[in-house]
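In: Fold the following, please.
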Amino acid sequence: MVYRIAAGFFASRAVAEEIVQDVFLQCFENLKAFDSAEHVKSWLRRVATHRCIDVIRTGASQKERQLDELPDVGVHSPQADPLLSEVLRGLVASLPEKLRMVVILRFSEDLSSDEIGEILDLPASTVRSHLQRALAALREKAQRAFGEEIYGPIRKQSS
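Out: All right, here's what the predicted structure looks like:
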């Protein structure tokens, strides 16, 4: 869960692993403060989310690609995570940090608007608004990236 949040937020595996290490070290230091397993889970999500935002703000993330991040030649294994597609990952990474975190928490962690609002200290209505803006921006970016001539127009799905 912590790694999925960090990896969804950053393209660098090394930065994601560093965030995971920081979060679990902080968790270990605060073990006595937790009441239940649900409290730990909620705390881990919140701290991981805020740590990702802190790294972006301080500029501590590196733009380098590690050798172990490069794909092996001839190896192709389908992934269950929908954000692992390189194009989609790039589109999500181009979103502003708050919108990006809302998308990651909603689709990678499958959290509700209320749960995301709790983690980000935002009202649920603001989370829904951020999600709508993020999805609209992703639709527009996808249209520019893929073009209508190949895939046809990309339309909003009706609920």
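In: can you pull the pLDDT of the nearest residue to residue 98 once chain neighbours are set aside?
Out: For residue 98, ignoring the flanking residues on the chain, the nearest one in space by Cβ to Cβ, 6 or more residues apart in numbering is residue 130 at 6.0 Å. Where C-beta positions appear, they are placed from N, C-alpha and C, glycine not excepted. At residue 130, the pLDDT value in this model is 93.
In: do the same with residue 61
Out: pLDDT recorded at residue 61 is 53.
In: Next: residue 137.
Out: Residue 137 is given a pLDDT of 90.
In: Which parts of this structure are helices?
Out: Ranges of helices within the chain are 2-9, 13-29, 37-58, 86-93, 97-103, 113-120, 124-146, 148-151, based on DSSP state H.
In: Tell me which of those sits most buried.
Out: helix 2-9 (a mean of 23; mean count of other Cβ atoms under 10 Å).
In: helices or strands next to that one in the packing?
Out: helix 13-29, helix 37-58 (3 or more Cβ pairs under 8 Å, 6 or more residues apart in numbering; DSSP states H and E).
In: Mind giving me the packing neighbours of the first one?
Out: I take that to be helix 13-29. With contacts taken as 3+ Cβ pairs under 8 Å, 6+ apart, helix 13-29 sits against helix 2-9, helix 37-58.
In: among those helices, which is nearest residue 22?
Out: helix 37-58 (6.0 Å; Cβ to Cβ).
In: In TSV: the helices and strands packed on helix 13-29, plus mean pLDDT and distance to residue 123.
Out: Formatted as TSV, those follow (pLDDT from 0 to 100; distance: least, Cβ to Cβ, whole Å):
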stretch	mean pLDDT	distance to residue 123
helix 2-9	81	21
helix 37-58	82	16
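In: Please tabulate those helices in JSON lines and include distance to residue 103 as additional columns.
Out: Listed next are the helices and strands packed on helix 13-29 as JSON lines, based on distance: least, Cβ to Cβ, whole Å:
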{"stretch": "helix 2-9", "distance to residue 103": "8"}
{"stretch": "helix 37-58", "distance to residue 103": "12"}
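In: do you know which of these lies nearest residue 29?
Out: Comparing those under Cβ to Cβ, the one sitting nearest is helix 37-58, at 11.3 Å.
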